[in-house]
Each structure stands twice: as C-alpha cells, then as structure tokens.
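# predicted structure and sequence below. I'll ask about it afterward.
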Amino acid sequence: MDLLKILDTKPVPAIVDARILSASDNTSGDYWLPTPMCLYQKELTDQIVSLHYSDILRYFETKDYKDDVVIHSMETMCLNSGYVATHPYLLIDHHLPKSLITKDIPGNLAETSGKFTVLRDLIDLVQEYETNTAIVCRPGRTMDLLEALLLANKVNIKRYDGHSIKPKQKFKNFSCTCHLFPSQDLDLSRYPIEINSQFDMLICLDTSMDTNASDIQKILQHSRDPKSNEFRAPIVRLIAINSVDHCQLFFGKLHGKNSREFLESVTAAVVVLRDRVGTLPPDLRPIYAQKVRYLMDWLENPSIPWPLPDLYAIKKYTPMDVEKSLLTEVHYSQIEDELEAAFSTGKKRVRAKWEKNNVKAVEAKSFYDVKRLKNDYSTNPIKQDMGRITGIANYVVMSNNYHLSTGIITHKLIQSIGQTYLYLKLQRDQIAFYENLNDLQERRKDFYQNEKTAIEKKFNDVNSRKLENVNSSKALESSNQAKMEAIEIKEKELDDLLEILAGDRDKYQNMKELFSKCGDLENEISKEERLSSSKEMEREYMEKEINRATKAVQEMEIEIKAKTLEADELQKQMLRATRNMNHQKDEVLERIMNLRSQISSESSNYSELESKLGMVTEKLNKMQTSRVRLANGKSGAGRRVK
C-alpha cells in the first residue's frame, strides 16, 4: 500500500499520553532529558572516531594494556566527543562567529546543536513564569555560547564567573531569570547568589558535573526548607542520546570513573553507537516536534513523576563489535523518518517553502555496502567454510578467540591472514635456501679444508722449532751445570786451602794476607791493562786525526800560494788598466779644451753676424716700396728677369 497516494500532506505527529510512552514513576529529582543531534554533530563524531582508529584497535587488543599514550588518546576522543555533543563550536574554531551578540547568532547556535535546540525550547516555556532557573555548563566558551543563546529569550541573565559577552547591556526586568554557573572552579564565596528566593530548576549541560559537590548542593538547597520533601531543586540533565554523555552516565553507575572498565565500556559504546548517535526513538519524536510542550505539566508542578520514560540501557560491547563497527562505513541523513523523507522529497500540491529545502531522503545501500563485511563479499562461489578456505581457523581460535563461524571479516582476521601469508612466504624461502645449500656447503668445506692444511703446516713448523729450542736449551743447561760443578769444586778447594792456612798460623802467618793482596793486585793489573788498552786506542785515534790535520794544512798552503799568484796577476792588470784610463782621460780633456775654443770662436762669429743682420734689417725697413703694376698672367706677356 502506497501511503503517499492516500495522504495528501505530511502527517503532523500528535502528543501521545504517558501510558503509550511507558513513562516511569521517577520522582528522584534527577531526571535525564534526551536530546537529538544535528547532521553536523553526527559527522563530527564519526570523524573524531576515525582519527583515533589505530589507537582504538591497539587499546582493545589486550586487557592489560598500560600504554599511557593510547589511554590518553581514548580520553581525548571521549572529551572531544563530549564537546561536539554539546555544541560543535566548542571544538571547531573556524566556524565560531566573530561576534556573539548579533541577532542571528541564537538561531544559528540552535540549528547547529540539538542540545541547544531543546534548551531553547525549554527556556521558551519557562520564561512565561516568574522563576529562577539555574543552568550549569562548562566554563569558558560553553558559557559564552549559552549566554548568546539566551539573549534571544525574554529572560534576565546572571553569570557567576565574572565574565559576560555583553557587559554594557540595557537592564530589562523580565519575570524569568537564568543563573549561569560553571561546572568547574565554582566559587560562591567570590560570586555569591544574589537572590533570596529558591531555584525552581537546575538544568545541566555538563554531564560530568558532580551533583554531590558542596557548591552544587548550595545551589540546589538555596532558600529551601531542609525538613520539607522538596528540600532540593530538581535537576534536568540534557543528554544527547547514544552519545558519550549517555554512555558516561550509564556506565558511571556500574564502574568507577577512573577505572579501566569504565573507559573501555564508554569507548566501545561511542565507537559502536556512532551510526545511531543523536537519533531519537520514534515514540519520542512527536514531543520534540511540538517543542517539548509535553513537559508543561511537570514544569508547573515538579513534584509529579517525570513524564518521560527512562533512557534505555546501553549494551556492553566486545572488542569484536568494535572492530566490526570500525570496518563499517557510516552514512547519516538529516531526515530520520522514511515517511517524512518521502513527503519532503515528493512532489505534492500542498507544501510549505521550508519543506523544499530539506535534505534528500535516505538512499538505499548498495550491494557492496551490505555485503562488504560478510562472506558473500569474498570470492567464495560455493559458500564453503572460511576456516577451511583460509586454513587458519585453529590458529585464530587458540590465540585470540576469534571465530570464523559468524562470517564476519574483522580487522583481527585480516591481520591473521596477513601473518599466515608472511609465515608461508618465510617457509618457502627457507625451502629454497635448503635446496641451494649444497654448493654453499661445498664451498665452505673447501675453505675449511684449506684452512686446516695451512694450520697443520704452521703447527708442524712451530713444533719443529720448539723441539730445536728444547734440545738447545738442554745442551746449554748441561754445559751450565758442568760449569757450576767445576766452580763448586774450585770454591771447595779454595775453602780447604784457606782452612789449611788458618790452621798453620805460625808457618803460614802472612800467606792469607799475601793471597788477598795478590788477588787485589791482579784486579788492579787487569784494570790497568784495560786502561792502557783504552789509552792505546785513544793514541791511535789522535795520530790519525793529526795526520788528517797535517794533510789539510798542506793542501791549504798550496791553495794559498795559488790564490796569492792569482791576486798578483790581477793587481798587475789593474795597474795597466789604470794607466790606460789616465791616458784616455788626458786625451778627452784635450778634446774638451779644443771644443771650448771652437765654441767661443763660433759664438763671436754669431754675434758679429747678428749685428750685421740687424743693420741690414734696419736699412730694409727704411727703404720705400716701388709701385709696379704686374702684367696679367693670362695674356702670356710679362717682365722676365734674366
């Protein structure tokens, strides 16, 4: 049945009652309000997981992993995912507007964050009453964005961190006041609460906030009777569904926040649920389509049970689920309902203008996207068991408890296949090596045989030399022994003679002294002989030196005589040259005297001629010039001078 032909326009969802929603009877005062996420937030969440792809796989390989770098990477991924779940501008700087006080900023902030959209709708309901609403969020940029969002509402804004994006704003006395508190470094002694009435509600944007902290308890119990049933203000936590906020709140009840089980469970859920992050269940979508007006009754009377159902529990995912999810490509669509997508894209007569700008409907997945993780994706036409085909089923089961019976090609299985192929390649290389080992062994055998022959030859030579040395040493030892025995005999004879001399003192009284003197004289004689021999050698050396000096003196005398004769000859030549020079000097002087006399005579003649020339010039100057008419040269007649 084609609903598009029956319905002319898109059906408007109606608010259903609490029985259909299966609302819980929760009156604890701490309530979870699920929020959706826009398309940009979903895509950023998937990109954050993709950036930590390798660290996620390393983190889930073993349960006793203690690498601080990988743990820090997982914590960073969860922190950045939390920023994006609140608002993308907390992580992406280049989209942050330069000014947060312009009129279009609140609408832009609400469009780019599902949590801010729900908060805006909630404040639109609260601002109609005279209330004091506390809002807790992360300090810094989050509080700036929150203040910018609230500027579009008719509420008074009071910040408790000493900052404001619009410090010089005009005072407007609205009935509703929003008090913005930081979730970290809150100091109520420095920034005390300035109202006397109680807070009607505390809205929490930061899910990591500890509600048992003393400052938070002061806010919840401000101006309230501690003995009454409503001794604390109700808490409404805005939680992006299936996001890291949802995972941390759920697993925080099961494990300690500093334990490995908590980080592992949250990380696995963030990775696996990234294809469903921010997607509301179908029964809750009408509530947000009507801008959460379904909560109006609870806002007027917070003592009644929470009208929404409790958020569903999150499954504890295994490392195999994480690897399977990482190998799956995620696609998002702005329109989550197929019927709504059909009406948004189909050509209908009645349609608002804003519906024409909706994003295209979800396209059907291709065959490759559906089968890419299954055995159907592999080349297996007869559908045999993958364990039998790959041959590594036993290895996988024994080592890491990965089973091929599920038919999922995971990252670990791909890695195991690669390791098996490398092992087979190594075995083939070893077989080829052993097949070609005979030539290498023969070469090594020849080499070692040659080395053995050379070493044996050296050993025989050394052994023969050793025998010769032993024999020579024995001969020397025997000769030395004979000499020592002879010396001992001589010493014994000497001692006997000395005893005889000592016994016959009267007869041989001076014999011992004479014997000792004789020995001393022999020593002196040998000493003098050595001295005389050295003197003789010195005498011979001096005679040779004297003869050499005599020959040198004779040669020098001969050379001196030759030099003397040469000097006399040179002196004679110098005397002759001197006499010739003197003679030439006299001739030159004589010629100089003759030239001087000629010069004087010539100068007198010159002066005489000069005087005559002057007289002639004077006479010529005094003579008158004759006027004679010269004949025409063309006629050919003229006066000739003979």
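Thanks, I have it.

# tell me which residues of stretch 154-171 are tucked away?
155, 156, 157, 158, 159, 160, 161, 165 (16 or more other Cβ atoms under 10 Å). For glycine as for every other residue, the C-beta is placed from the backbone atoms N, C-alpha and C.

# go on, stretch 266-277?
266, 267, 268, 269, 270, 271, 272, 273, 274, 275, 277.

# now the second one: how far from residue 46?
Look at residue 267 and residue 46: by Cβ to Cβ, to the nearest Å, they are 15 Å apart.

# how about the first one?
In this structure, residue 266 and residue 46 are separated by 17 Å, where distance is defined by Cβ to Cβ.

# what's the answer for the last one, then?
From residue 277 over to residue 46 the distance is 8 Å, taken as Cβ to Cβ.

# same thing with the fourth one?
Noted for residue 269: a distance of 14 Å to residue 46, by Cβ to Cβ.

# secondary structure class for residue 315?
Under DSSP: H, G, I helix; E, B strand; the rest coil, the three-state class of residue 315 is coil.

# how near is it to residue 259?
In terms of Cβ to Cβ, residue 315 sits 19 Å off from residue 259.

# kindly report the same for residue 559.
For residue 559, the distance to residue 259 (Cβ to Cβ) stands at 116 Å.

# the stretch 351-500 of the chain: helices as residue ranges?
Along the stretch 351-500 of the chain, the stretches classed as helices by DSSP state H, counting those that start in this stretch are 367-371, 386-390, 393-400, 411-435, 437-503.

# now those helices in CSV, with distance to residue 285, mean neighbour count and mean pLDDT?
Shown next, in CSV, are the helices of the stretch 351-500 of the chain (distance: least, Cβ to Cβ, whole Å; neighbours: other Cβ atoms under 10 Å; pLDDT from 0 to 100):
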stretch, distance to residue 285, mean neighbour count, mean pLDDT
helix 367-371, 26, 11, 54
helix 386-390, 41, 16, 49
helix 393-400, 42, 14, 42
helix 411-435, 35, 12, 79
helix 437-503, 74, 10, 87
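
# closest to residue 599 out of the ones you listed?
helix 437-503 (110.8 Å; Cβ to Cβ).

# show me what that closest one is packed against.
Here helix 437-503 touches helix 511-622, going by 3 or more Cβ pairs under 8 Å, 6 or more residues apart in numbering; DSSP states H and E.

# the helix it packs on vs helix 437-503, what angle?
120 degrees (axes from the mean of the first three to the mean of the last three Cα atoms, to 10 degrees).

# model confidence over helix 511-622, on average?
For helix 511-622, the mean per-residue pLDDT is 90.

# what residue lies at the spatial centre of the chain?
residue 69 (14.9 Å; Cα atoms, centre = their mean).

# residues touching that residue, list them.
Counting by Cβ atoms under 8 Å, 6 or more residues apart in numbering, residue 69 touches residue 55.

# give me the element it is part of.
Element membership of residue 69, judged by DSSP states H and E, is helix 68-86.

# pull out the buried positions in stretch 205-224.
Neighbour-count burial for stretch 205-224 [16+ other Cβ under 10 Å]: 205, 206, 207, 208, 209, 211, 215, 216, 219, 220, 222.

# what about the nearest residue to residue 294 once chain neighbours are set aside, how many residues close to it?
Spatially, and ignoring its direct neighbours in sequence, residue 294 is nearest to residue 287 (4.6 Å; Cβ to Cβ, 6 or more residues apart in numbering). The local packing of residue 287 (other Cβ atoms under 10 Å) involves 22 other residues.

# coming back round to it: turn the buried residues of stretch 266-277 into JSON lines, columns for distance to residue 332 and pLDDT.
Shown next, in JSON lines, are those (distance: Cβ to Cβ, whole Å; pLDDT from 0 to 100):
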{"residue": "266", "distance to residue 332": "22", "pLDDT": "95"}
{"residue": "267", "distance to residue 332": "21", "pLDDT": "95"}
{"residue": "268", "distance to residue 332": "21", "pLDDT": "95"}
{"residue": "269", "distance to residue 332": "18", "pLDDT": "95"}
{"residue": "270", "distance to residue 332": "16", "pLDDT": "95"}
{"residue": "271", "distance to residue 332": "16", "pLDDT": "95"}
{"residue": "272", "distance to residue 332": "16", "pLDDT": "94"}
{"residue": "273", "distance to residue 332": "13", "pLDDT": "94"}
{"residue": "274", "distance to residue 332": "10", "pLDDT": "92"}
{"residue": "275", "distance to residue 332": "8", "pLDDT": "89"}
{"residue": "277", "distance to residue 332": "9", "pLDDT": "92"}
